[in-house]
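**Student:** Just to be clear, the model below is a prediction. Sequence and coordinates:
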Amino acid sequence: MKQLIHRTLLLSVGVACLASTSAWAAPQRVTYAVTNDVLALHQPEARDVLTWVGRHVRPSFAPLGAGTVHVERSAFSSGAVARMSDPSPLGKLPDSGYPGEQYKVENTLPDGTYQSWEFRWVEPSSGHGGGWEMTGYQFKRGNDPVEIQ
């Protein structure tokens, strides 16, 4: 069975602000965090992610089957640590998020068929509620005649 790969990248960039006295203020941190999970074919977490995708897209964009799943999650934040809605469990997508938080899910079937979905957490101007909005979709039909789904 393929191994589960989990990588997290946390990048902090100092931004200097000019104070009204023309002196440099203490740097403010802007953090960009990215979490990547690669879930092997038939791994329970991979099926969970694809089930989540199926609940958040129109039927015409639904997953075509179980494959190797790659989940990428990213968020920006001011402060010491980027806020993400739920740093765990591995590979699962949360029911809520923070404005601008993004998810990308890729599914590669054994025959080479590829699907990817991009989502962004959006909130109404009232600041109450919100949801995951699909912002992108890609599809490429595989061509391995032995492994056709």
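**Tutor:** Everything's here; your move. Residues are numbered from 1 along each chain as shown.
**Student:** mind listing the helices for this protein?
**Tutor:** For the chain, the helices defined by DSSP state H occupy 44-56.
**Student:** For residue 67, which non-adjacent residue is closest in space?
**Tutor:** Leaving aside its sequence neighbours, residue 67 sits nearest to residue 109 (CB to CB, 6 or more residues apart in numbering; 4.0 Å). All C-beta spots, glycine's among them, are computed from the backbone N, C-alpha and C.
**Student:** burial of the one you found, as a residue count?
**Tutor:** 21 (other CB atoms under 10 Å).
**Student:** What are the neighbouring residues in contact with residue 53?
**Tutor:** Contacts were defined as CB atoms under 8 Å, 6 or more residues apart in numbering; by that measure residue 53 touches 62, 63, 93, 105, 107, 117.
**Student:** I should have written residue 99 there, sorry.
**Tutor:** 121, 122, 123, 130.
**Student:** would you list those in CSV and tack on neighbour count?
**Tutor:** Formatted as CSV, the contacts of residue 99 follow (neighbours: other CB atoms under 10 Å):
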residue, neighbour count
121, 19
122, 15
123, 15
130, 15
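**Student:** can you tell me which two in those are farthest apart?
**Tutor:** 121 and 123 (7.2 Å; CB to CB).
**Student:** returning to what we had before: return the closest of the contacts of residue 53 with respect to residue 40.
**Tutor:** residue 107 (12.2 Å).
**Student:** so who does residue 128 touch?
**Tutor:** Listed by CB under 8 Å, 6+ apart, the contact set of residue 128 is empty.
**Student:** ugh, wrong one, I meant residue 104
**Tutor:** 70, 71, 72, 73, 116, 117, 118, 119.
**Student:** show me where pLDDT drops low in this structure?
**Tutor:** Residue ranges of the chain with pLDDT under 70: 1-32, 76-94, 144-149.
**Student:** all strands of it, in order?
**Tutor:** 5-15, 28-39, 68-78, 102-108, 114-122, 131-140 (DSSP state E).
**Student:** Check the contact lists of residue 121 and residue 123 and give me the overlap.
**Tutor:** Listed as contacting both residue 121 and residue 123 by CB under 8 Å, 6+ apart are 99, 130.
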